[in-house]
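Student: Can you look at this prediction? I've put the sequence above it.
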Amino acid sequence: MTKGSQLFVLLISLSVFSACTAQRLLKNEIYLLNNCGQTLQIVVANDSNIGLPERTLDIAPGNRELIGFYNSYGEDVIGQIQDSYKLTIATNHGASQQIDGSTLRSHLRNIEKRDEGSTRQWIVEDRSFCPSNGTSAP
């Protein structure tokens, strides 16, 4: 290999290396917007890749709460949601529903993501996340 070829390989290697190390960290946030007309109680588990603990939250009508948070270097959030993801949504009237990882991934495929710099957001506004009377699972 000539000195010119060696220099070229070195420059290519350095540019590839710098491109890999220059990747920016993205925050992927998934929110549930309460369009159900009543306060919801939610329990969220296995909803991040940073070890967030299980959380119990109340969401007033018209408000939203974080139901998923995943750091990435460009990967799509849909591929990061674990099968063990669990969202339980309940009302004061006894209606409840559970959303698993597969169901959430399916819903997110139909939601346009919002890019705000290094933060990407998906907002679930679908009324199918509103529990009906009795217990159901989508």
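Tutor: Good, I have the coordinates.
Student: Quick check: bridge partners of the nearest residue to Ser48 once chain neighbours are set aside?
Tutor: Setting aside the residues directly before and after it, Ser48 is nearest to Phe69 in space (CB to CB, 6 or more residues apart in numbering), at 4.5 Å. Quick note: C-beta positions are derived from backbone N, CA and C, even for glycine. Each beta-bridge partner of Phe69 is listed here, defined by DSSP bridges: Glu29, Ser48.
Student: burial of Phe69, as a residue count?
Tutor: 18 (other CB atoms under 10 Å).
Student: in terms of contact, does it touch Asn28 like I think?
Tutor: Yes - the pair Phe69 / Asn28 is scored as a contact, 7.0 Å apart, by CB atoms under 8 Å.
Student: picking that back up, how near is the residue nearest to Ser48 to Arg127?
Tutor: In this structure, Phe69 lies at 24 Å from Arg127, with CB to CB, to the nearest Å as the measure.
Student: Kindly report the same for Asn46.
Tutor: The spacing between Asn46 and Arg127, counted by CB to CB, is 24 Å.
Student: same check, this time on Arg109
Tutor: The gap separating Arg109 from Arg127 is 18 Å, by CB to CB.
Student: how about Val43, phi and psi?
Tutor: The phi and psi values for Val43, taken as degrees, to the nearest 10, are phi -120, psi 120.
Student: scratch that, Arg127
Tutor: Per degrees, to the nearest 10, the backbone of Arg127 is at phi -70, psi -10.
Student: Need the nearest residue in space to it, chain neighbours excluded.
Tutor: Sequence neighbours aside, Asn35 is the residue nearest to Arg127 in space, at 5.5 Å (criterion: CB to CB, 6+ apart).
Student: Look at Thr56 and say how many residues are nearby.
Tutor: The criterion is other CB under 10 Å. On that basis, Thr56 has 10 neighbouring residues.
Student: and the gap between it and Asp126?
Tutor: If you measure Thr56 against Asp126 using CB to CB, the figure is 22 Å.
Student: ok so, going back, thought the residue nearest to Arg127 was touching Ile123?
Tutor: No - because the distance of 10.5 Å does not satisfy CB under 8 Å, Asn35 is recorded as not touching Ile123.
Student: what residues are up against Val77?
Tutor: Asn28, Ile30, Gly68, Tyr70, Leu108, Lys113, Arg120, Trp122 (CB atoms under 8 Å, 6 or more residues apart in numbering).
Student: If anything else comes up later, I'll come back, but that's it for now.
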